[in-house]
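> structure for the following, please:
(one chain, ligands or ions: 1)
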Amino acid sequence: MSAPSDTQRMEKIVSLCKRRGFVFQSSEIYGGLNGVWDYGPLGVELKRNLKNYWWQVTVHERDDVVGMDGSILTHPAVLRASGHVEGFSDPMIDCRTCKAHLRADQLVEKKGVKQCPNCGGKDLTAPRPFNLMFETHVGAATDESSIAYLRPETAQSIFVQFKNILEVSRKKLPFGIAQIGKAFRNEINPRNFTFRSREFEQMELEYFCRPEQGMELLEYWKKERLKFYENIGIPRSKLHVLTVSDEERAFYSKGTYDIEYDFPFGWQELEGVAYRTDYDLSQHQKASGKSLEYFDEETKQRFVPHVVEPSAGVDRTVLALICEAYSEDQAPDEKGKMETRLVLRFHPRIAPVKCGVFPLLRNNPQLVAKAKEIVDLLRPHMTVFYDESGAIGRRYRRQDEIGTPFGITVDFETLGEKDPALRDTVTLRDRDSMKQERVAIQDLPAILRERLA
Ligand code: GAP
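Residues are numbered from 1 along each chain as shown. Modelled structure (predicted):
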């Protein structure tokens, strides 16, 4: 159970997300669609920065990984072979008192008796499996023959395209196929804001290897993934690696770790890193009748590769980034009086807006023109926000609140009015320390690019 302060913190985060345009409830003007979220102008930038960085380090910076982008609509045979049609379900229980549908693990236990968490009712149905997949129909017919599914994970299209990608990329084991894309699960109880949604995105890597490399690569990818989170601003102290027990692990997995983050609502999974053996490729080989074997030129052996899978949630990581960044401190207002400052301390690498540009006064054409020149200078390199309205302190606060790491102010010194030596220099303000330094306009792109890397 979270402490009250954590509940309040989460409420503040949800409210900030809406107020500043990170996340909105989907179909809000019609009452909302439960478990589905829309990302606003800042949320979409944050999400893109996260996905781009994942793609950069997972695909572009490596020789041994290629990418793909599979379809969302999935042939039922794929999901029958993978086991999803038969077994991708959560145990569901109904409360006969308040009619709530509950996941079995959401029941509360008091004095050894299971109760409904909503109304405390003890009149509960027996658990029954509830398949989480969204079913649809392809084409005009709406019978058995036209059923297709919205994919519940991106991984299966990677397995199904394994042979094609192996042939075109001519990679040798070990090598990986990466994908970022939407997945859909009809969660019984979506909750904790975007944490458990019905539509979400995954960043998945299937890293194929020889059987004897599996356990070693599981350790390797666990370390790589922890490094990734640290590089986007989530400290190691807020991450926990759970070794999934033999009983809880999928029967085909020889080892699985859950990387968890310390959310305000408790430690929860961000990503799973699983050694899935040759289960998926073998299943698809059996069901399709097509060989998914790898031919090792050196040993002249044919075998079905094994796979290690780091599978991360985009939306959960975005939520973790916002939770981690959220902070309140004390800062002086325009008159020097201390006030509470709300600041998102995003790592500059993932901040939605990198730099705010402010002319000191909006009614001075020279200051405005110079500020707009700076916007044009920086825009090819980064996201820039121009703001001329309100007192300068207010403008800084508005950028602090959305996590903009740098603020540039064009003042009378920029115009060379006080000291000709300061002509074409500006103040560069750091969001976290609030310290300002004077730098030449022409040096701004290089200075900022270095600090954003
Ligand atoms: N291919 C393996 C797989 O899909 P998973 O643990 O079911 O494994 C991987 O999902 C990641 O996808 C999770 O760690 C989580 O970050 C994200 N995820 C899963 N279900 C989600 C949901 N309902 N809402 C948001 N993210 C979810």
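> quick check: bridge partners of the residue of the chain found nearest the ligand?
When scored by CB to the nearest ligand atom, the chain has G313 as its residue closest to the ligand, at 2.2 Å. Every C-beta, even on glycine, is put in place using the N, C-alpha and C of the backbone. For G313, the beta-bridge partners are Q202 (DSSP bridges).
> so it sits against Q268, correct?
No - between G313 and Q268 there is no contact under CB atoms under 8 Å: 10.3 Å.
> okay, the two: which has more neighbours?
G313 (23 against 17; other CB atoms under 10 Å).
> quick one, what contacts that one?
If you count contacts by CB atoms under 8 Å, 6 or more residues apart in numbering, G313 has them with 200-203, 270-271.
> please enumerate the strands of the stretch 51-200 of the chain.
Secondary structure of the stretch 51-200 of the chain (DSSP state E, counting those that start in this stretch): strands located at 65-67, 73-74, 89-94, 101-103, 108-110, 113-115, 128-131, 134-137, 147-150, 175-184, 199-209.
> show me what the fourth one is packed up against.
In this case it means strand 101-103. Here strand 101-103 touches strand 89-94, going by 3 or more CB pairs under 8 Å, 6 or more residues apart in numbering; DSSP states H and E.
> just say which of the strands of the stretch 51-200 of the chain is most tucked in.
strand 199-209 (a mean of 23; mean count of other CB atoms under 10 Å).
> ok and that one relative to strand 175-184, angle-wise?
160 degrees (axes from the mean of the first three to the mean of the last three CA atoms, to 10 degrees).
> how far out from the middle of the chain is strand 199-209?
Its chain's C-alpha centre and that of strand 199-209 lie 12 Å apart, by CA atoms, centre = their mean, to the nearest Å.
> can you show me the CA trace of that strand as PDB?
Extracted in PDB, the C-alpha atoms of strand 199-209 (Å, rounded to 0.1, in the frame of the first residue of the first chain):
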ATOM      1  CA  GLU A 199      -3.400   0.000 -25.900                       C
ATOM      2  CA  PHE A 200       0.300   0.500 -25.300                       C
ATOM      3  CA  GLU A 201       3.600   0.400 -27.100                       C
ATOM      4  CA  GLN A 202       6.500  -2.000 -26.600                       C
ATOM      5  CA  MET A 203      10.200  -1.800 -27.500                       C
ATOM      6  CA  GLU A 204      11.200  -5.400 -28.000                       C
ATOM      7  CA  LEU A 205      14.500  -7.100 -29.000                       C
ATOM      8  CA  GLU A 206      14.600 -10.800 -29.900                       C
ATOM      9  CA  TYR A 207      18.300 -11.700 -29.700                       C
ATOM     10  CA  PHE A 208      18.900 -15.000 -31.400                       C
ATOM     11  CA  CYS A 209      21.800 -17.200 -30.300                       C
END
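> so does that strand get close to the ligand?
Yes - with CB under 6 Å from any ligand atom as the criterion, the ligand is reached by strand 199-209 at 200, 202, 204.
> also stretch 154-171?
Yes - counting by CB under 6 Å from any ligand atom, the ligand has neighbours in stretch 154-171: A155.
> pLDDT averaged over that stretch - what is it?
Average pLDDT, stretch 154-171: 97.
> alright, I will stop here.
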